[in-house]
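Chemist: how would this look folded up:
(4 chains)
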Protein chains: 2
Amino acid sequence: MRSFARPTLKDVAELSGVSEISVSRVMRNAPNISSKMRKKVEEAAAQLNYTPNRLAGALASKTTDLLAVIVPSMSNSVFPEVLDGIDSVLNSTRYRTVLGISHYDEHREEEIIRDLLSWNPSGIIVAGFEHSNVSRQILSDFANPVIEIMDADGTPIDTSIGVSHEKAGILMAEHLVQMGYHKIGYIGAWGERPSRSVKRREAFEKRLSELGFPLSARQIESADSAVLLGKDACATMLAQQPDIDAIFFANDDLVVGAYIHCMQEGISIPDQLALAGFNGLPLIDAMPMEITTIKTPRFEMGTAAAELFLERMSLDQPTTKGDKVSMPLDLKIGQTT
Amino acid sequence: MRSFARPTLKDVAELSGVSEISVSRVMRNAPNISSKMRKKVEEAAAQLNYTPNRLAGALASKTTDLLAVIVPSMSNSVFPEVLDGIDSVLNSTRYRTVLGISHYDEHREEEIIRDLLSWNPSGIIVAGFEHSNVSRQILSDFANPVIEIMDADGTPIDTSIGVSHEKAGILMAEHLVQMGYHKIGYIGAWGERPSRSVKRREAFEKRLSELGFPLSARQIESADSAVLLGKDACATMLAQQPDIDAIFFANDDLVVGAYIHCMQEGISIPDQLALAGFNGLPLIDAMPMEITTIKTPRFEMGTAAAELFLERMSLDQPTTKGDKVSMPLDLKIGQTT
DNA sequence: CACAAAAATGACAGCGCTGTCAATTTATTT
DNA sequence: AAATAAATTGACAGCGCTGTCATTTTTGTG
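Modeler: As a prediction, this is how the structure comes out:
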């Protein structure tokens, strides 16, 4: 039995000679407190080193200052950046983040959703529109804001903030064809589990076909996206189809690996092979050559989601469903295409 | 007023015709429950789609299933990997992580500690031994496990799990001198705020001096460690002191930037300049050349911390202070030294 | 200065659950 | 079958706080 010998409201009330509820009001900065009262209570609280028990407060008020956040992965900088964005907005507020990592597994996501919601968070942020049916049901029933981030091509349960991966695919298809590449390959990772990368690739392929140059090679790795994986995948694809003249990668770490592979093998970029990535990770800024990519606003999706959450919390009707925010993509044309 | 029309224990109790406490027992898998009872209750719970309110449970039992985790940064893969490690252990348990990011700021760390502890977590994981006096006091008074991760050179408040940064500095000093480098530079970042990097550098410098080749150049950047920063910092150092023959970097992303700089500038590695990093980030595995670095067990520090936490929670006396765990470092000698 | 209105404070119940211990039922022993 | 032990179930209070509404004090007005 762990002991929390922490002082309670009662202790502060007794020491300062006022009622518990008044102490509660002072601690919460409620209105209509005389400065005399405030001073008395604050002194007593300081003397006892009192910290409110938020659990009790949350139970009594039926509101927690917790925001549940479920990310699919921590293995590249995408979601840490999103979390950083969320935190940057929340850290000056009373809200804290409760974290879950789903590892791109719908079933685990469902468990985590269930578990996190049992803490009665004031809202929940999840990635994408892809959830198990049960998850979707639970989230629909949840009385507080549900914010789906990262994607913009789909119907949100409540509110979504993200980018259009379809648009990204189309954008890149048009760019590559326009630059004169006709034998184009695609390399993905993670077994393409987040459906938004599937959407992106399919839109990419569709647009390529429309433009008359259907995809020449497609390779989806099951491992996590990583620089090394991109290097190997690129080598494999080139070995199988040496006539490929451009490759679009599902993530920037892959394209960096491919770039390094080409440097090592003396493959001239973009003459022999053009390379393009996705996300605009900080990593690519350091490469000797500017790498073509589509920048996604990861940190900003985090901040936007957190701000939207705060906004909803400040309304009378936080229950009112929100809408769908599509954030801009930025095709950064570098020297690799 | 947000409504949680969620069913409660009482609802389940009424539907199944038993007492609330029995429902509670079934939900918690308490011992001594007849299978008849279990079945009845579980059916009723399923029918109502009942989820326990952990807030109430936590208040009543004075134990939460929350573990507070405060990391200093999300801007490179170090702490995401640690979090991933923590999560990998915790996700099969009932414990959840409440996250705070201190941005290497003691004052903010203090606020976050205060805030997170008000949720009565069952434990807290913080980075390093460097805390404000108030933080240290609060953590000492905290009745549950306090685990300080990342470092091993210091006195833990309660328990620590980390690597010896002093040893790392010494290791690298010896390696570089042994390989024949005598004009050695050091490049750091983040304004060297986490004290463990200071310790590492100082041990490095001390050992170099002892070996007769004191540090020739030292450059501490104030920005966050990043590939691009390493590139620029390396360029600056070489411009100022072209005779430097080896550089030890505070983090691998810096060394990768420097490596790319050298490739771009035609500086031959390791003949003209030797490079060594720290951490063993996945990033360096993809470079055309094996980069010398000291691998730190980041994911493992996360798992070890979480396991230690679980172990403490399963004891009768989780209050008993733990000890100090020093995890091994791995000097990976590559082709850049 | 009397009186209404506004501000400040307090009493009380209860949020949804669990710890404790008592009461009941079932199993075991002689 | 009676007596005892063990397993199962329940009653009750209370965790530490806040919502609601009642009460007291202060302020403002004619």
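Chemist: quick one: stretch A:157-169 near chain B?
Modeler: No - remark: stretch A:157-169 sits outside contact range of chain B, by C-beta under 8 Å from any C-beta of the partner chain, the gap being at least 13.7 Å. Glycine gets a C-beta too; all of them are placed from N, C-alpha and C.
Chemist: mind checking the SS state of residue A:293?
Modeler: Of the three states, residue A:293 takes strand under DSSP: H, G, I helix; E, B strand; the rest coil.
Chemist: give me the nearest residue to it, chain neighbours excluded.
Modeler: The spatial neighbour of residue A:293 that comes closest, neighbours along the chain excluded (C-beta to C-beta, 6 or more residues apart in numbering or on different chains), is residue A:277 at 4.1 Å.
Chemist: who's in contact with that neighbour?
Modeler: Taking C-beta atoms under 8 Å, 6 or more residues apart in numbering or on different chains, we find residue A:277 in contact with A:248, A:249, A:251, A:252, A:254, A:255, A:256, A:284, A:291, A:292, A:293, A:294.
Chemist: check the gap between it and residue B:306 for me.
Modeler: For residue A:277, the distance to residue B:306 equals 34 Å [C-beta to C-beta, to the nearest Å].
Chemist: and the contacts of residue A:277 as JSON lines, adding pLDDT, distance to DNA strand D and neighbour count?
Modeler: Formatted as JSON lines, those follow (pLDDT from 0 to 100; distance: C-beta to the nearest atom of the strand, whole Å; neighbours: other C-beta atoms under 10 Å in any protein chain shown):
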{"residue": "A:248", "pLDDT": "98", "distance to DNA strand D": "52", "neighbour count": "33"}
{"residue": "A:249", "pLDDT": "97", "distance to DNA strand D": "51", "neighbour count": "29"}
{"residue": "A:251", "pLDDT": "94", "distance to DNA strand D": "45", "neighbour count": "26"}
{"residue": "A:252", "pLDDT": "94", "distance to DNA strand D": "46", "neighbour count": "30"}
{"residue": "A:254", "pLDDT": "94", "distance to DNA strand D": "49", "neighbour count": "32"}
{"residue": "A:255", "pLDDT": "96", "distance to DNA strand D": "51", "neighbour count": "30"}
{"residue": "A:256", "pLDDT": "93", "distance to DNA strand D": "50", "neighbour count": "30"}
{"residue": "A:284", "pLDDT": "86", "distance to DNA strand D": "48", "neighbour count": "25"}
{"residue": "A:291", "pLDDT": "96", "distance to DNA strand D": "52", "neighbour count": "26"}
{"residue": "A:292", "pLDDT": "97", "distance to DNA strand D": "53", "neighbour count": "26"}
{"residue": "A:293", "pLDDT": "98", "distance to DNA strand D": "48", "neighbour count": "28"}
{"residue": "A:294", "pLDDT": "98", "distance to DNA strand D": "46", "neighbour count": "24"}
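Chemist: would a markdown table of the residues you listed with distance to residue A:197 be doable?
Modeler: Output for the contacts of residue A:277, formatted as a markdown table (distance: C-beta to C-beta, whole Å):
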| residue | distance to residue A:197 |
| --- | --- |
| A:248 | 11 |
| A:249 | 10 |
| A:251 | 8 |
| A:252 | 13 |
| A:254 | 11 |
| A:255 | 14 |
| A:256 | 17 |
| A:284 | 18 |
| A:291 | 18 |
| A:292 | 18 |
| A:293 | 14 |
| A:294 | 12 |
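Chemist: nearest to residue A:81, of those residues?
Modeler: residue A:252 (12.1 Å; C-beta to C-beta).
Chemist: hmm, residue A:23 is touching residue A:9, no?
Modeler: Yes - look at residue A:23 against residue A:9 with C-beta atoms under 8 Å: they come within range, at 5.1 Å.
Chemist: neighbour count: those two, which is higher?
Modeler: Legend: neighbour count by other C-beta atoms under 10 Å in any protein chain shown for residue A:23 and residue A:9, higher for residue A:23 (27 against 21).
Chemist: close to DNA strand C, is whichever strand or helix holds the more buried one?
Modeler: In the assignment (DSSP states H and E), residue A:23 maps to helix A:20-27. Yes - Helix A:20-27 lies within reach of DNA strand C by C-beta under 7 Å from any atom of the strand, at A:20, A:21, A:22, A:25.
Chemist: among those, name the buried ones.
Modeler: The neighbour count (16 or more other C-beta atoms under 10 Å in any protein chain shown) marks A:22, A:25 as buried among those.
Chemist: chain B: which of the residues of helix A:20-27 next to DNA strand C is nearest?
Modeler: Checking those against chain B with C-beta to the nearest C-beta, the nearest one is residue A:20 at 16.0 Å.
Chemist: and the closest residue to residue A:224 other than its chain neighbours, what does it touch?
Modeler: Excluding the flanking residues, the one nearest residue A:224 by C-beta to C-beta, 6+ apart is residue A:75, at 4.8 Å. Counting by C-beta under 8 Å, 6+ apart, residue A:75 touches A:224, A:225, A:226, B:80, B:84.
Chemist: please, where are all the strands along chain A?
Modeler: Along chain A, the segments classed as strands by DSSP state E run A:66-71, A:96-101, A:123-127, A:146-151, A:159-163, A:184-188, A:217-220, A:246-249, A:274-276, A:293-295, A:324-326, A:330-332.
Chemist: so which of these is the most packed in?
Modeler: Greatest average neighbour count among these goes to strand A:246-249 (a mean of 30), per mean count of other C-beta atoms under 10 Å in any protein chain shown.
Chemist: residues in contact with that strand?
Modeler: Applying C-beta under 8 Å, 6+ apart, the contact partners of strand A:246-249 are A:172, A:176, A:179, A:181, A:183-188, A:204, A:230, A:234, A:237, A:255, A:258, A:270, A:273-278, A:337.
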